[in-house]
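Student: dropping the sequence and predicted coords here.
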Amino acid sequence: MSLKTPLAKARGLGSAKEGVHHWWVQRISGAALVPLTLWFVFAVATMTGSDHAAVAAWAATPVNTVLLVLLVATTFHHAHLGLQVVIEDYVHNGFWKLVLLVGIKWLSALIGVAAIIAVLKVAFGG
């Protein structure tokens, strides 16, 4: 039995000062995804029935290449942030939490880089 008050027990266990930054980055990336996704859906809808060469030519224009890379990078970063929150909230075993957090970080980076390389390969005709 401890004679410490609840405040004394909690003192020193305060915020890691990371939550607000994480929250803001998640909101900003989500807000950036709205126009990027709308642009992408509209662009794909207008290319319905086009052949591979037409789509590759569309992706090769500099503006579309940059927007596609931004869409991919923002999507995977936003997904990583969301999955991180889910793991931190619902996985209570310290070892598995660390394994999952590192795995999600690596997996999202790996798939994101692979997708960006694919976009650049199509854009530069590789």
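Tutor: Yep, that arrived.
Student: show me the contacts for the residue most central in space within the chain.
Tutor: Residue closest to the average C-alpha location in the chain (C-alpha atoms, centre = their mean): residue 77, at 2.0 Å. The neighbours of residue 77, taking C-beta atoms under 8 Å, 6 or more residues apart in numbering as the test, are 29, 108, 112. In this view, the C-beta of every residue, glycine as well, is placed from N, C-alpha and C.
Student: how much space separates the last one from residue 57?
Tutor: Same thing as residue 112. For residue 112, the distance to residue 57 under the criterion C-beta to C-beta, to the nearest Å works out to 25 Å.
Student: ok, now the first one?
Tutor: Remark: distance between residue 29 and residue 57 (C-beta to C-beta) = 29 Å.
Student: between these two, which has more neighbouring residues?
Tutor: residue 29 (19 against 15; other C-beta atoms under 10 Å).
Student: that one against residue 78, yeah?
Tutor: Yes - when contacts are counted by C-beta atoms under 8 Å, residue 29 is listed as touching residue 78 (4.1 Å).
Student: next SSE after the least confident helix or strand in the chain by mean pLDDT?
Tutor: When each helix and strand of the chain is scored by mean pLDDT, DSSP states H and E, helix 6-10 comes last, with a mean of 71. Using DSSP states H and E, the helix or strand that directly follows helix 6-10 along the chain is helix 19-46.
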